[in-house]
Structures are given as C-alpha cells and as structure tokens.
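Visitor: only the shape, not the letters, is given here:
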C-alpha cells in the first residue's frame, strides 16, 4: 500500500509552491495555500493518529480506574480512527462528569486525582498540537480565521 | 452571485444612494482573502456628479451563507460609526447598510476604503521590522482610545444593550459557553474545565463600560510598511463591555508569535501597559487581566468549534474554517491546559 502520509505531504507542497503562485491575486489562491498547508499537516498527523487516540483512551480509562469507578464504554471493535474516536469521546464525556464531582470535594484524594486529570489534559493537548509546515521559499503562512 | 453580476447590481445601488450620482460603474472588484465572517470586496466605483467625474474606493462586506461568527452586520456598522472621527482612530467611514436581500442577494454594508496598507500576518510578525516599536505604540494607543470612546449616545449603544459593570464577564462567558456547547462536534473537557474555573474565580467589576472591538489583534488592522497603522478593521464582534476583554484578546499568544517577552509581540509589557493606561484612562489590574486572558482562550475555542461545525456541515467550505477548527483550536486548548493545569497541581 502507498504511503498516505508521504502522498499528502508531497501534494500539499506542490499546491503551495507551484500552484498557488500561479493564482496570485485570485481569491482561490488563498484556498490553495490553505489546502496545501493542511495537506502537509494531515500527512504528518496521519502517521500518529491511531497512536494518539489509543494513548488518550488508555489515559482516560486509567483515570477512571484510579477514581474507583466503572464505566460502561465498550472497547473499540477495530483500530479504525472513527471507532477509536467514538470510544475516546464517550470516555471524555465521562471524565468531564468525574472532574466536576472532584471539584466539589475538598479532600486531598480528590485534589490529587484532579491534578492527574489536568496532567492528562496537558499531555493530550501537547500531542494534538500540529506543527505548522515550513515552506522556506513561499509566502505560505495561513491567516487566522476570525 | 458572479462578480460581474454583483458589480452591476452594486453600481446601480450606489448610484441611487450617492447624492447627484449618475453613470455609475464598477471599474474593478476584487474579493479580499481572509476573514470568513463576511464576504469582503474591494471596489473602485466610477461615477459622475455635478462637479464632474469621480472615482471612489469602497469596501463591500456581504453576509456569506455561513460565517465564523453569527453577528448582525448592523452592529458592526454601528461600531464603525461609533469610532469614526474619534481620537485619531484610523477607522473607515461607514456609508450604507442594507439588512435585506433585495439589493445584492444578502445583507451587506459599505465602507469607504482606506488607501495604503496591508494586514500583518500574526504568524509572520517579524515582517513588521524595522517598525515593531512604532506599530506597537500605535497598537496599544488605539486600543486604549477605543476603550475611552464615549458609549452613551453612540450608534453602538442604540443597537445593543449596555450591561452592568458587574455583569460584563458573566454575559460574555455565558455567550461563549453556549457557543461551545451548541457547536462542538466532540466533547471539550479542557474548555469545560476552564469555564468552571472562570465561574469559580470571577474578575472584579469593569472599571468602566467601553466600546469593545471584540477582535482587536494583529491580522485585523492595516499597516503601511513604514511604521503607521492605517486602518482598524473587522468590528463584527463589537459590543459594550469591559475594556480588559480587548486588552486580553489583543495580547493573546496566538496573535503574538508566542512572544512571551513583548506584549502582542511588539513592546515590553510595562511600556505597552503604560500606553494603554494613558489612552484608556483605566488602571491596570493583574487580577482582572488574568481572568480576561484565560477567557480569551475560551472565547477563541468558541469561534474555532463554530467554524469547524460550519465547515463539516458544508455550510461554508472556505478552508480557513477547517484550519481554525484544527490548528488554532489545538493551540488554544494547549494554552488553556498549560496555564490551568499547574493551578490544580499538575505539571509540577
């Protein structure tokens, strides 16, 4: 099977460095740059997507176990990203409720577990952060959307 | 609507509204890339009046099928009117407002075009050199001047409510909480934890009620490349509230190239704050600033999840919405986690 990450990376770079300059001044040129940049980012994310989701799922299940709770969230039937995401999202909903219950308590045990939840959030947020691709010879940096 | 058709209809519309105008035609029309909240066109309008041929540069802001921010164009129009001509603020003149679909197929408004200047990309802030200090001085002076604009009797105050000074934070937090909960495509545990943190630790009441631009930041003004800010744009999130909301948003790390040392990536913090205090008449309160700074990240997440939803639903296929739902969402979620986690004992 082809290397999907490599394909996305190469297609994105082609769009940004070769196609977009030909559309300079046209509104669609901005779309091409954005599409190219995100294609490169998607190529990078492709390789680690399942690993990241599995790590998030394991982290969330570990926190729930530390709380001494049982949660009726079935394990994913496959390693498809859509299945893993469904499992992660169900567990994330549960962790919101668990954290709210911990915040209502003043005891050290609750505070310690809440700190672990925050540590999980920090690690997850770092892992999710894509690195913007570098195009040294092109005017590529995307704008913000708002 | 194709641009040629839009140009023809716009010329007829403008001719009917410009006093004494006849033979109006659009010489050029270019859609400007960037903010997806409105379709923005730069237009050269040629016409004649009693004094002879005229050429007028205009900006048309038309509602798209869906936008990043669900705002009324009449509020944006009123905000621009409220700032125009005050305290040397470089703000375009608000000219025409249409709230119906008849003229151009969607509601729109028209402003005078300020000639000269380009937006500065917040991801390429180094492009401002060698004018970083000069632009920074104007950036914070204009921000303070907006906070000092008269609210009572302003066009903006006629369009929207003026909150109580004690209620500014609650109103904004409720609004953006609702945006996040209504539009998220997946659970947002970091945002939810941040919202609860902000509710448990409210800021002091607003020192004064001000015109709040709502999206004052690098990327939303023009600069001429020679050290002058020439136009403050994108007033679609304007409202009346706590001026700290604008100060915190303007200095959010996302727009500053992650520059921790310089406020908004421009000036040392003490210098920037001194300029803002002098122009605004406010006294800097680090407690208020901390609350509004964290709130800025939550507000940003509200915008990013809304843009992601619009893109996913196919309501608006501008790729910038996908970028917002991915990169900028991840950036602000990371900022929240890294700032709040240590307050709860994580990361030590």
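Guide: The structure has been received and is ready for your questions. Predicted, not measured: the structure shown is a model, and the values here were computed from it.
Visitor: C-alpha only now, for contacts and for neighbours.
Guide: Will do.
Visitor: what's the local residue count around residue 133?
Guide: In the absence of a named chain, chain A is used. Using other Cα atoms under 10 Å in any protein chain shown, residue A:133 is surrounded by 18 other residues.
Visitor: meant chain B, my bad for not saying
Guide: 17.
Visitor: so it is in contact with residue B:268, correct?
Guide: No: between residue B:133 and residue B:268 there is no contact under Cα atoms under 8 Å: 9.4 Å.
Visitor: how about the lengthiest helix in chain B: buried residues?
Guide: With secondary structure taken from DSSP state H, chain B has its longest helix at helix B:286-313. Judged by neighbour count (16 or more other Cα atoms under 10 Å in any protein chain shown), helix B:286-313 contains these buried residues: B:288-289, B:291-311.
Visitor: which ones among the residues you listed also lie next to chain A?
Guide: residue B:303 (Cα under 8 Å from any Cα of the partner chain).
Visitor: residues contacting residue B:167?
Guide: The neighbourhood of residue B:167, defined by Cα atoms under 8 Å, 6 or more residues apart in numbering or on different chains, consists of residue B:205.
Visitor: with residue B:258 instead?
Guide: Applying Cα under 8 Å, 6+ apart, the residues near residue B:258 are residue B:265.
Visitor: got phi/psi on it?
Guide: Backbone torsions of residue B:258, given as degrees, to the nearest 10, read phi 60, psi 30.
Visitor: for it, report the pLDDT, please.
Guide: We have a pLDDT of 81 for residue B:258.
Visitor: centroid-nearest residue for the chain?
Guide: If you meant another chain, say so; for now it's chain A. Closest to where the C-alpha atoms of chain A average out (Cα atoms, centre = their mean) is residue A:128, at 3.7 Å.
Visitor: was after chain B, sorry
Guide: Note: chain B centre (Cα atoms, centre = their mean) maps to residue B:215, 2.8 Å.
Visitor: can you tell me the element that residue falls in?
Guide: Secondary structure assignment for residue B:215, by DSSP states H and E: no helix or strand.
Visitor: isn't residue A:117 up against residue A:63?
Guide: Yes: with contacts counted by Cα under 8 Å, residue A:117 reaches residue A:63, the gap being 6.9 Å.
Visitor: the more surrounded of those two?
Guide: Set residue A:117 next to residue A:63 and count neighbours by other Cα under 10 Å: residue A:117 wins out with 25 against 19.
Visitor: what sits against the more buried one?
Guide: Taking Cα under 8 Å, 6+ apart as the test, what residue A:117 contacts is A:63, A:99.
Visitor: assign it to helix, strand or coil.
Guide: Classification of residue A:117 using DSSP: H, G, I helix; E, B strand; the rest coil returns helix.
Visitor: hang on, the earlier thing: for the residue nearest to the centre of chain A, which non-adjacent residue is spatially closest?
Guide: residue B:330 (6.4 Å; Cα to Cα, 6 or more residues apart in numbering or on different chains).
Visitor: now for the lowest-mean-pLDDT helix or strand in chain B, which elements pack on it?
Guide: None of the helices or strands of chain B scores lower by mean pLDDT, DSSP states H and E than strand B:118-119, at a mean of 88. When contacts are defined as 3 or more Cα pairs under 8 Å, 6 or more residues apart in numbering or on different chains; DSSP states H and E, strand B:118-119 sits against strand B:221-223.
Visitor: and after the strand it packs on, which helix or strand comes next?
Guide: Defined by DSSP H and E, the subsequent element after strand B:221-223 is strand B:229-232.
Visitor: in the sheet, which strands lie alongside that following strand, parallel or antiparallel?
Guide: strand B:221-223 (antiparallel) (DSSP bridges).
Visitor: any chance you could map the helices in the chain?
Guide: No chain was given, so I picked chain A. Going by DSSP H, chain A shows helices at A:4-14, A:20-22, A:27-66, A:81-103, A:108-128.
Visitor: that's the wrong chain, I wanted chain B
Guide: Counting by DSSP H, the helices of chain B are B:3-17, B:73-83, B:132-147, B:155-159, B:168-183, B:189-200, B:243-250, B:269-280, B:286-313, B:319-323, B:329-340.
Visitor: turn those helices into TSV, including mean pLDDT and distance to residue A:43.
Guide: TSV is the format used below for these (pLDDT from 0 to 100; distance: least, Cα to Cα, whole Å):
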stretch	mean pLDDT	distance to residue A:43
helix B:3-17	91	35
helix B:73-83	92	39
helix B:132-147	97	35
helix B:155-159	94	46
helix B:168-183	98	27
helix B:189-200	98	26
helix B:243-250	98	32
helix B:269-280	98	38
helix B:286-313	96	19
helix B:319-323	91	14
helix B:329-340	97	17
